[in-house]
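>>> Mind looking at a prediction? Sequence and model below.
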Amino acid sequence: EKGNYRHFMEKEIHDQPEGCQRTIAAYVDTLTAHTAIPGEVDWARLERVQIVACGTSYIAGLMGKYLIEQLADLPVDVEIASEFRYRQPALRKDALAIAMSQSGETADTLAALRFCQAKGMMTAAVVNAVESTMAREVDVVWPIHCGPEIGVASTKAFTAQVSVLTAVAVAAARARGRIDEAEEQRLVRVLLEAPRLIAESIKLEEAVRSIALDVSRARDVLYLGRGPMYPLALEGALKLKEISYIHAEGYAAGELKHGPIALVDEQTPIVILAPFDSYFEKSASNMQEVMARGGQVIFITDPEGERHAPAGARVVVTAPKCDPLIAPLVLSAPVQLLAYHVAVCKGADVDQPRNLAKSVTVE
Ligand code: F6R
């Protein structure tokens, strides 16, 4: 079932245009270009959203926070489920709890969800496994439609989860009067463009592979980003460490001076995620700071960002131009492909990384 691919992970990276397309189609009306989110959520009156999840699903949730707060002006808390369930979080009934989980069985996420239910909150779950425990127990199920994910390192589930939360952000923004109908339709059309642009972005595979051997010799790799590129930096670092066993850290680029810059030397690859958005100037100056200390910059950007990038990057990877709404989806592919090819260079067992399980049903 791997077809011509060496690993499920590689296949699943390539499955993403289709997985996102099927997922997005379930959350928008393609004819009228309106959002169509299943369930009776009263977005206009909702006071807050509480997202709980683990691992990559947590990072997808964090991406959701950036999207929902910016577009819909709706406060979103995102918390690692194992922390949330054991502290005494201050919850209110008028919040919607959203669990993010590919498997729908992760023990800590399930416990966090049940905790929210016990507090009388409405619950939703973004799951891949629609027969799972979480799907059975929540008020609203928001399935992703990317097909079963076999590789232990999550890829297509991540972009499908982000697709759902992007549609939710647009729907909430419209319901809360933050955008008008024309803007809703524009954003939905932008979202519908994502699968084609993800497919374009996957074509960067050769460019990414050409730097993989270099990166595979590193001891540490830093990933930096601002705004929605910050969660993607976290995801890049998580993916790299889990399959290649190279120590990697994702940081908000503005945190550079507050610690991680101490790690930078000539041997350190620094992946900077910076499309030409409102954060670009700041990210470009972070790039100069790390280059001044000998850091080897891998600059992942878009065509406009490439034109404005400071000279001196070790390599520039240029993803297709897109609306900022879908940049997290479009830039995910090169980030995942980098981790994948570095792991292949190291001869690692990409689909079955050591010590990891696909579904973590014990805490
Ligand atoms: C990382 C990865 C894990 C899972 C985490 C949550 O690539 O796959 O971090 O994201 O174990 O699993 P689910 O989404 O099934 O709750």
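Everything's here; your move.
>>> Now do the helices in the stretch 1-150 of the chain.
8-14, 16-25, 55-72, 81-84, 107-118, 133-137 (DSSP state H, counting those that start in this stretch).
>>> between those, which one is nearest to the ligand?
Ranking the helices of the stretch 1-150 of the chain by proximity to the ligand (C-beta to the nearest ligand atom) places helix 55-72 first, at 1.9 Å. Using the backbone N, CA and C atoms, a C-beta is placed for each residue, glycine as well.
>>> can you list the residues of the stretch 151-300 of the chain near the ligand?
153-154, 238, 242 (C-beta under 6 Å from any ligand atom).
>>> tell me which of the residues you listed is nearest to residue 145?
residue 154 (15.3 Å; C-beta to C-beta).
>>> hang on, the earlier thing: of the residues of the stretch 151-300 of the chain next to the ligand, which is the nearest to residue 144?
residue 154 (10.9 Å).
>>> Grab the nearest non-local neighbour of the closest one.
residue 56 (4.2 Å; C-beta to C-beta, 6 or more residues apart in numbering).
>>> Contact partners for that neighbour?
102, 153-154, 157-158, 235, 238-239 (C-beta atoms under 8 Å, 6 or more residues apart in numbering).
>>> mind redoing it with 10 Å?
Counting by C-beta atoms under 10 Å, 6 or more residues apart in numbering, residue 56 makes contact with 100, 102, 153-155, 157-158, 161, 234-235, 238-239, 242.
>>> Next: residue 133.
Residue 133 makes contact with 101, 103-107, 109-110, 113-114, 125, 127, 361, according to C-beta under 10 Å, 6+ apart.
>>> repeat that for 8 Å
104-105, 110.
>>> could I get the residues of the stretch 151-300 of the chain next to the ligand as CSV with neighbour count, pLDDT and secondary structure?
Converted to CSV, these look like this (neighbours: other C-beta atoms under 10 Å; pLDDT from 0 to 100; DSSP: H, G, I helix; E, B strand; the rest coil):
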residue, neighbour count, pLDDT, secondary structure
153, 28, 94, coil
154, 27, 97, coil
238, 22, 98, helix
242, 21, 96, helix
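>>> Quick check: the gap between the spatially most central residue of the chain and residue 307.
The centroid of the chain falls nearest to residue 60 when counting by C-alpha atoms, centre = their mean (4.3 Å). Distance of residue 60 to residue 307, given as C-beta to C-beta, to the nearest Å: 31 Å.
>>> Could you do residue 36 as well?
38 Å.
>>> Among those two, which residue is more densely surrounded?
residue 36 (14 against 10; other C-beta atoms under 10 Å).
>>> and the closest residue to residue 72 other than its chain neighbours, what helix or strand is that in?
The shortest distance from residue 72 to any non-neighbouring residue, by C-beta to C-beta, 6+ apart, is to residue 172 (3.7 Å). Assigned by DSSP states H and E, residue 172 belongs to helix 156-175.
>>> Output the contacting helices and strands for that helix.
helix 16-25, strand 34-35, helix 55-72, strand 122-127, helix 181-202, helix 327-345 (3 or more C-beta pairs under 8 Å, 6 or more residues apart in numbering; DSSP states H and E).
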